[in-house]
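In: sequence? don't have it. structure:
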């Protein structure tokens, strides 16, 4: 599975579309972000993707983990979000 790499300047709606597309096609997505701004964009994109999936009766779960990545010969700590698609729960009708 390809990793969706997010930076602080990534458009959250574009990332959300990529997440939703991977969840529809593969049932899972992996998102990687390094730094506070990038993590902020990744989380916002995950929330937006959840909205995109409503019409497909899908919801998502997210498991965040720390991971080490090498960039230009130095180790950096990244946050990786493992996102999976799950059936949307049916909300009870109001009386």
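Out: Ah, there it is. Since the structure is predicted, the reported quantities are computational estimates derived from the model, not experimental observations.
In: where does the residue lying closest to residue 16 once chain neighbours are set aside sit: helix, strand or coil?
Out: Nearest residue to residue 16, sequence neighbours excluded (C-beta to C-beta, 6 or more residues apart in numbering): residue 48, at 3.6 Å. Where C-beta positions appear, they are placed from N, C-alpha and C, glycine not excepted. Following DSSP: H, G, I helix; E, B strand; the rest coil, the label given to residue 48 is helix.
In: just for this protein, where's the confidence low?
Out: 1, 91-93, 95 (pLDDT under 70).
In: that one: helices as residue ranges?
Out: Using DSSP state H, the helices of the chain run over residues 12-26, 36-52.
In: so for residue 77, which of these sits nearest?
Out: For residue 77, the closest of the helices of the chain is helix 36-52, at 11.0 Å, according to C-beta to C-beta.
In: wait, residue 77 touches residue 68, no?
Out: Yes. Contact criterion C-beta atoms under 8 Å: residue 77 and residue 68 qualify, at 6.2 Å.
In: and for the two, which residues touch both?
Out: Residues touching both residue 77 and residue 68 (C-beta atoms under 8 Å, 6 or more residues apart in numbering): none.
In: burial of residue 68, as a residue count?
Out: Neighbour count of residue 68, defined by other C-beta atoms under 10 Å: 8.
In: in space, what's closest to it - neighbours in sequence excluded?
Out: Once flanking residues are discounted, residue 68 sits nearest to residue 75: 5.3 Å by C-beta to C-beta, 6+ apart.
In: what about that neighbour, distance to residue 67?
Out: The gap separating residue 75 from residue 67 is 10 Å, by C-beta to C-beta, to the nearest Å.
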